[in-house]
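In: Using only what follows, build the 3D model:
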Amino acid sequence: MQPSQPAATSVQVTVPGFKFKMVEKNVCFYEVVVNSRDGKKWELEKRFKDFDTLHQALKRVFSNIPDLPSKSLWTLSEAAQIERRREQLEKYMQLLVGRPDILNSEVMRMFLQIENFAPDAVVNPPKLLQEISSFVLGVRDFKYEVEKGLLFVGISDMNPASRIDSYLTNMKLPWEKDLNITIVTVGALECYVQTDASEYKFDKLWTKTFPSQVICLDWESKSCRIAVGMDDGKVEIMTVASELNYMKFNEVLNAKIHAARVMGVYIDNIKGFLYSVGEDQKFIVTDIASGQMMATIPTGTAPLTYLLVEKETKRAFIANKANTVYIYDITPVPPTLIHTLPLNCRGAIRGLDFDTGKNYLFTACFEDGIIGVHDLERPGREKYAKPIASLQGKPKARFLTWSSGRNEIYVGNEDGTITVWNAKKGVQIYVIASHNEDITYMKFFEGRNLLLVGGKDRKLKFWQIPQEWRDRRLEEEEEKEVEVMRATQNMVNIQKQREKAAFDSDEDDLAGWSK
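Out: Residues are numbered from 1 along each chain as shown. Reported below is the predicted structural model:
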């Protein structure tokens, strides 16, 4: 899962020369030559401002892109200066096409005109199947049960100024009577039923409003219960009537469980317990029927950010804002701490996912964008957990989801993009420009190649991920080429080591002779 050092790409780019043309005035054009893997070759002419336009477009989507040769205050006129810039542009382009995510982007494909000359070199892009944009507030969380065609969406007012104004409006003062209180919606839970499975069309059944932001949800299918964690520390659980086609709901719990924002909820239907974490640094177990707190576990001084429960082995993974993951066994009451896992990243952990087959834990840090992969080994050996990959993603990562069937990591970012990682190669393979604002929640559905994404921009999108990004034959050819490159590099390294050893031996002989 470590990034491969050699890279084989579907196209190669050189900038072999330049020429002047009269376009209102004498203008320098750089010759760009593109060679595809199948032997196709084409030439383009680009001005420096074309490269600059490309660079600015890439900066808006990608991180860690190479530097473009600097602009000059005056037009370059001397051949030596233009030649130096040509060399820099060639190196710049070669670094760009060495990045699969950049090469596969629409802006790069248009710049190099790949689709016109070598369409086989282009990846199959994700397809937007459906978009729900009727929400009056930003999407915070959702739960989609494919078999029942049931969709729950938690929405919230994410504008700080208007949210504070709404909280003040909703505040009950001592002299106010209950009859005259005006409630302004700050959060809501909406229930939808699927009407067309092939096109992902939905009808809204009902909306439940709240005077506080909805932060997180959990849906328990067998008991038909939905839990809603809120900004004010409250949790509300409702039973949705399946016998009435989910048209009605009944409240079974409404309690202020945390002293601060609730960041994660999980319903255990067998025990009848609610597990929750909050920014008050507490991990709390509550009996749903009685509302009684069964256990309150302090976790430290950092606010908690995420709760992920692995049902098969009854483990809870709890992340915080201080790059730490706590692993609990939730079989006993109170749950017992199995292991504390510090991560090699900075700031809050905003994304967690787990592969039950491989026992891999995936994490995404917000501040530096580091994507971590840890091998937890088998249950009971969590204290021997070891990092197996650390990938440098885009800073301000907001969410992470994992596809075990495809071996791909999907990271939602604050700028509304989704970075797709090939976990086997450790490289970014595509960036989806999905939303105009923060990605807030994502879920990948195995078998359907469906990625469901919610955003702060009040939209929920259904993306169809291609069965294969590119023709498998071409992928295999590139992998073989990478292996050859690795073998060649290893031979070069071995030869250098031998030469160095021989040189060191000669030095020792000379030193002994002089003595």
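In: For this protein, which residues score under the pLDDT cut-off?
Out: For the chain, applying pLDDT under 70 flags the ranges 1-8, 73-75, 77, 160-183, 472-489, 500-515.
In: where along it do the helices fall?
Out: 48-59, 79-97, 100-103, 106-112, 114-117, 160-170, 472-514 (DSSP state H).
In: got the contact list for the first one?
Out: The reference is to helix 48-59. 28, 30, 65, 68, 71, 85, 89, 92, 96, 102, 105, 107-108, 111 (Cβ atoms under 8 Å, 6 or more residues apart in numbering). Glycine gets a C-beta too; all of them are placed from N, C-alpha and C.
In: now the residues you listed as JSON lines including neighbour count and distance to Ser36?
Out: Formatted as JSON lines, those follow (neighbours: other Cβ atoms under 10 Å; distance: Cβ to Cβ, whole Å):
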{"residue": "Cys28", "neighbour count": "16", "distance to Ser36": "27"}
{"residue": "Tyr30", "neighbour count": "22", "distance to Ser36": "20"}
{"residue": "Ile65", "neighbour count": "15", "distance to Ser36": "23"}
{"residue": "Leu68", "neighbour count": "18", "distance to Ser36": "24"}
{"residue": "Lys71", "neighbour count": "10", "distance to Ser36": "31"}
{"residue": "Arg85", "neighbour count": "21", "distance to Ser36": "26"}
{"residue": "Leu89", "neighbour count": "20", "distance to Ser36": "20"}
{"residue": "Tyr92", "neighbour count": "19", "distance to Ser36": "20"}
{"residue": "Leu96", "neighbour count": "23", "distance to Ser36": "16"}
{"residue": "Ile102", "neighbour count": "20", "distance to Ser36": "17"}
{"residue": "Ser105", "neighbour count": "22", "distance to Ser36": "17"}
{"residue": "Val107", "neighbour count": "17", "distance to Ser36": "19"}
{"residue": "Met108", "neighbour count": "21", "distance to Ser36": "14"}
{"residue": "Phe111", "neighbour count": "20", "distance to Ser36": "15"}
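In: Show me which pair in those residues is furthest apart.
Out: Cys28 and Ser105 (26.3 Å; Cβ to Cβ).
In: Just give the nearest non-adjacent residue to the residue most central in space within the chain, would you?
Out: In the chain, the residue lying closest to the centroid (Cα atoms, centre = their mean) is Val411, at 0.9 Å. Nearest residue to Val411, sequence neighbours excluded (Cβ to Cβ, 6 or more residues apart in numbering): Thr419, at 4.6 Å.
In: quick one: contacts for that neighbour?
Out: For Thr419, the contacting residues are 101, 393-394, 410-411, 413, 428, 430-431, by Cβ under 8 Å, 6+ apart.
In: Could you check how far it is from Asp457?
Out: The spacing between Thr419 and Asp457, counted by Cβ to Cβ, to the nearest Å, is 18 Å.
In: cool, and Asn422?
Out: Asn422 is 28 Å from Asp457, by Cβ to Cβ.
In: do the same with Gly264
Out: 23 Å.
In: Those two: which has the busier surroundings?
Out: Gly264 (27 against 19; other Cβ atoms under 10 Å).
In: list the contacts for the nearest residue to that one once chain neighbours are set aside?
Out: In this structure, Gly264 finds its nearest non-sequential neighbour in Leu307, 2.6 Å apart by Cβ to Cβ, 6+ apart. Shown in contact with Leu307 (Cβ under 8 Å, 6+ apart): 216, 263-266, 275-277, 316-318.
In: Tell me which of the residues you listed fall in strands.
Out: 216, 263-266, 275-277, 316-318 (DSSP state E).
In: which one of those has the most neighbours?
Out: Of the ones in strands among the contacts of Leu307, with other Cβ under 10 Å as the count, Val277 tops at 29 neighbours.
In: which residues does that residue bridge with?
Out: Gly264, Phe283 (DSSP bridges).
In: does it really touch Gly264, like I thought?
Out: Yes. If you go by Cβ atoms under 8 Å, Val277 and Gly264 touch, sitting 4.6 Å apart.
In: Report the set of residues contacting both of those two.
Out: 304, 306-307, 318.
In: Just those: which are in strands?
Out: Using DSSP E, the shared contacts of Val277 and Gly264 in strands are 304, 306-307, 318.
In: For Leu217, see how far away Leu205 is.
Out: As judged by Cβ to Cβ, Leu205 and Leu217 stand 16 Å apart.
In: If you could redo that for Gln12, that was the one I meant.
Out: Look at Gln12 and Leu217: by Cβ to Cβ, they are 48 Å apart.
In: more crowded one of these two?
Out: Leu217 (20 against 16).
In: Run through the residues that contact that one.
Out: 141-143, 152, 154, 189, 226-229, 265.
In: quick one: which of those is most hemmed in?
Out: Neighbour max across those (other Cβ under 10 Å) = Gly229, 31 neighbours.
In: isn't that one right up against Ala260?
Out: No. Counting by Cβ under 8 Å, Gly229 stays clear of Ala260, with 11.2 Å between them.
In: Just give me the neighbour total for the closest residue to Val15 other than its chain neighbours.
Out: Leaving out its chain neighbours, the residue that sits closest to Val15 by Cβ to Cβ, 6+ apart is Glu90, at 3.9 Å. Residues near Glu90, counting by other Cβ under 10 Å, number 17.
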